[in-house]
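Trainee: need a structure here:
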Amino acid sequence: MKKKILAASLAVAVAVCALPACVSAEEEVPEITVWAWDKDFNGYALEEAQKLYDGAKINFVEMAKADCLQKIHTVLASGVTDGLPDIVLISDLNAQGYIMSYPGAFMPMDDVINYDDFASYKKDSVSYDGVGYGVPFDTGVAGLFYRTDYLEEAGYTAEDMQDLTWDEYLAMGEKLMENGHYLQTYNPNDIAEFQIMLQSTGKWFTDEEGNADFTDNEALKECFEIFKTLNESDYCKVVSDWTEFAGAINGGDVACVMRGSWISSTILAAEDQSGKWAVAPIPKMSTEGATHYSNQGGSSWFVLADSPNAEVAADFLAKTFGSSTDLYNTLLAGKNIMGTYLPASDAEAYDAEDEFYGGQKVNADLANWLSQIPAVNTGAFSAEAQAALLAVTPNYLSGGDLDECLAESATQFEQSIQ
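Mentor: Sure thing, here's the model as predicted:
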């Protein structure tokens, strides 16, 4: 324990506080350097966390996401510890690859935070070999965002949207087209939705050992079958990049968007559509273990074990992102940033009605779905797996045998990670 002397004109009061949240007036406050991307999202979150912690100053170093991930890889691969940040933000799909590739680089956090306070799927993404290394942050809890006016026009109610199967969802396409509305977008070169569909069943592209789980993966086969249906349909708006994708949403072309909760910021950009949107659980697949709940995206904070202020950085994360309901309430109310800290689901901001979504308590619904997302081991090679699968997709879409395509893809994947 350390004492902090506060002088007044006529008296001296002595206050006792614990380090590192409190330091003596004579002692310089340490600086925690954080590498991350997106000042408006992650930078804002750090600014609000700083307000709750007076034991250090935060030095936020912003860089593009790809640059951030590449830079930490380069530094760790060099073996040189000079210049290391204290904290780095890593996307969940990349996390296990870094932990596995650089043993001892990241500080274990099991004694610092209670992982049971976070969504189970998130804990798995930041753990390796039974040890937790990251402090879970934001979620990509998935939802089916839809235009209430378009669906009502086609004869569907809010109740109809609550327990959809994929067959029922796809059947909406033709009815929507009768009124000139596409069901959703479709990009033949993007299988990002597979992430959502697979995790909703508790499956992934790889197995527990990191090997390709392609040929005997019934959920993955169903993903491809759905993808082919979309490809052959006349009720999808074909897009080739993000600009066209966002344009189809904001331009009123599509009735539905299935993505992580972060897509809300794109939807909200069309202010003239306020009151015309709602969010429902995602459609359920037919394979065993299927649910209406999944995730797409998200990232977590990691402390570099050999960084200058590792212990202080760990304490900072523990007292803010690792345990503060007030912080997550502020982030949600301020910029719609939803974390994966389960006790925060009772915070005031989660119960707010959203005018843009017709008065729906969107945050409360998303938080409820978050707690039900199946946990999966995404492993270290998700990007390689998706690249291998995408490589054989044109062959399958043009009539190739799915089993043969998946077998070929598995071979390509195994070669790519040698």
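Trainee: surely Phe227 is in contact with Ile191?
Mentor: Yes - assessed by CB atoms under 8 Å, Phe227 is found in contact with Ile191 at 6.8 Å. In short, each C-beta sits where N, CA and C put it, glycine included.
Trainee: what sits in contact with each of these two?
Mentor: Taking CB atoms under 8 Å, 6 or more residues apart in numbering as the contact rule, Phe227 and Ile191 both touch Thr393.
Trainee: which residues touch the helix or strand Lys175 falls within?
Mentor: Here Lys175 sits within helix 166-177, counting by DSSP states H and E. With CB under 8 Å, 6+ apart as the test, helix 166-177 has contacts from 144, 150-151, 154-156, 182-183, 222, 226, 229-230, 233-236, 255-256, 283-286.
Trainee: do stretch 239-248 as well
Mentor: By CB under 8 Å, 6+ apart, the list of residues contacting stretch 239-248 from outside reads 182, 185-187, 189, 237, 253-254, 266, 269.
Trainee: state the pair within those that is farthest apart.
Mentor: Pairwise distances across those peak at 24.2 Å for Asn189 and Ala269 (criterion: CB to CB).
Trainee: which of the contacts of helix 166-177 are buried?
Mentor: Neighbour counting by 16 or more other CB atoms under 10 Å classes 144, 150-151, 154, 156, 182-183, 222, 226, 230, 233, 235-236, 255-256, 283-285 among the contacts of helix 166-177 as buried.
Trainee: buried residues, the host helix or strand of Glu311. List them.
Mentor: Element membership of Glu311 [criterion: DSSP H and E] is helix 310-319. Within helix 310-319, the residues scored as buried using 16+ other CB under 10 Å are 310, 312-319.
Trainee: please enumerate the strands of the stretch 151-300 of the chain.
Mentor: 184-186, 236-238, 256-260, 277-280, 299-303 (DSSP state E, counting those that start in this stretch).
Trainee: just say which of the ones you listed is most tucked in.
Mentor: strand 299-303 (a mean of 27; mean count of other CB atoms under 10 Å).
Trainee: and the most centrally placed residue in the chain, what is it in contact with?
Mentor: A centroid search over the chain (CA atoms, centre = their mean) returns Gly298, at 2.0 Å, as the residue closest to the centre. For Gly298, the contacting residues are 91-92, 122, 125, 137-140, 260, 340, by CB under 8 Å, 6+ apart.
Trainee: also Thr325?
Mentor: Contact partners of Thr325, counting by CB under 8 Å, 6+ apart, are 341, 343-344, 346-347.
Trainee: nearest to Phe205, of the residues you listed?
Mentor: Closest to Phe205 out of the contacts of Thr325 is Tyr341 (27.5 Å), distances taken as CB to CB.
Trainee: which one is the closest one nearest to, not counting chain neighbours?
Mentor: Nearest residue to Tyr341, sequence neighbours excluded (CB to CB, 6 or more residues apart in numbering): Tyr328, at 5.5 Å.
Trainee: isn't that neighbour right up against Ala347?
Mentor: Yes - the pair Tyr328 / Ala347 is scored as a contact, 6.2 Å apart, by CB under 8 Å.
Trainee: these two: who's more crowded?
Mentor: Neighbours per residue (other CB atoms under 10 Å) separate Tyr328 from Ala347, with Tyr328 holding more: 27 against 21.
Trainee: Asn42 - how many residues pack around it?
Mentor: 22.
Trainee: one more: Gly247?
Mentor: 14.
Trainee: with Gln418 instead?
Mentor: By other CB under 10 Å, the residues close to Gln418 number 4.
Trainee: same question, Ile32
Mentor: 28.
Trainee: measure Tyr156 to Asp253 for me?
Mentor: Distance from Tyr156 to Asp253, counting by CB to CB, to the nearest Å: 18 Å.
Trainee: the residue nearest to Tyr341 - that's part of a helix, no?
Mentor: Yes - under DSSP: H, G, I helix; E, B strand; the rest coil, Tyr328 sits within a helix.
Trainee: so how far is stretch 43-56 from its chain's centroid?
Mentor: Here stretch 43-56 is found 21 Å from its chain centre; the criterion is CA atoms, centre = their mean, to the nearest Å.
Trainee: distance between the ends of that stretch?
Mentor: Chord length of stretch 43-56, first to last residue, is 16 Å (CA to CA, to the nearest Å).
Trainee: again with stretch 336-356
Mentor: Stretch 336-356 has an end-to-end distance of 13 Å (criterion: CA to CA).
Trainee: so what pLDDT did Glu26 get?
Mentor: pLDDT recorded at Glu26 is 43.
Trainee: to clarify, my last question referred to Lys335.
Mentor: Model confidence at Lys335, given as pLDDT, is 84.
Trainee: again with Leu332
Mentor: pLDDT, Leu332: 91.
Trainee: that one: which element?
Mentor: If you go by DSSP H and E, Leu332 is part of helix 325-335.
Trainee: what is the orientation angle of that helix with helix 310-319?
Mentor: 70 degrees (axes from the mean of the first three to the mean of the last three CA atoms, to 10 degrees).
Trainee: show the subsequent helix or strand relative to helix 325-335.
Mentor: helix 362-370.
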